[in-house]
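Novice: My questions are about this predicted structure, shown below with the sequence.
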Amino acid sequence: MKYKYGVGINHLEFWVKDLEESLAFYRELFPLIGWYELNKTSFSCGLHEVYFKQMPVQLHDSLGVRHIYFHAPSREVVDRVGAWLQSINADIIRGPQPMLQYTPEYYTVDFRDPNGFVLEVAFTPDIKL
């Protein structure tokens, strides 16, 4: 049986402390990297979906992903994300900058969203999966 989207991840669910604050952040970030709004609480790139649910802060019953990498189609997109992050005084971990220790073309910006989730937007045309 052939699947419409192939194998892989269908969606990611983010538990957040303040739904409106998170949605405001992602409504600005996602269009910069080619994602669009599906409905009030979810976004897609056409193959994958990310959606958000507000949860009580005291609910910590599992460990999560260390960070999520969003592929950028160019270095210019990474630079635009970096400029936007600087304009909102976001918590930038590193970049935009090259990461030559990985591959010659790896170019990234790493940062935290309003919940402290670590995100990466990177251009990596020469990366091998």
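Specialist: Nice, I can see it.

Novice: and the spatially closest residue to residue 98 that is not a sequence neighbour, how many residues sit next to it?
Specialist: Closest residue to residue 98 apart from its sequence neighbours, by C-beta to C-beta, 6 or more residues apart in numbering: residue 107 at 5.3 Å. The way it works is simple: take the backbone N, C-alpha and C, and place the C-beta from them, glycine included. Close neighbours of residue 107, defined as other C-beta atoms under 10 Å, add up to 23.

Novice: Repeat that for residue 122.
Specialist: 23.

Novice: That one sits in which helix or strand?
Specialist: According to DSSP states H and E, residue 122 maps onto strand 118-123.

Novice: List the neighbouring strands of that strand plus their orientation.
Specialist: strand 68-71 (parallel), strand 107-112 (antiparallel) (DSSP bridges).

Novice: could you dump the ones you listed to CSV with distance to residue 24 and mean pLDDT?
Specialist: Shown next, in CSV, are the strands paired with strand 118-123 (distance: least, C-beta to C-beta, whole Å; pLDDT from 0 to 100):
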stretch, distance to residue 24, mean pLDDT
strand 68-71, 18, 92
strand 107-112, 15, 96
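
Novice: So residue 35 sits against residue 43, correct?
Specialist: Yes - in this structure, residue 35 is within contact of residue 43 by C-beta atoms under 8 Å, at 5.0 Å.

Novice: Now for these two: what residues contact both?
Specialist: Listed as contacting both residue 35 and residue 43 by C-beta atoms under 8 Å, 6 or more residues apart in numbering are residue 50.

Novice: Against residue 56, how distant is the residue nearest to residue 98?
Specialist: Separation of residue 107 from residue 56 (C-beta to C-beta, to the nearest Å) stands at 38 Å.

Novice: Just give the closest residue to residue 67, not the sequence neighbours.
Specialist: Closest residue to residue 67 apart from its sequence neighbours, by C-beta to C-beta, 6+ apart: residue 118 at 3.7 Å.
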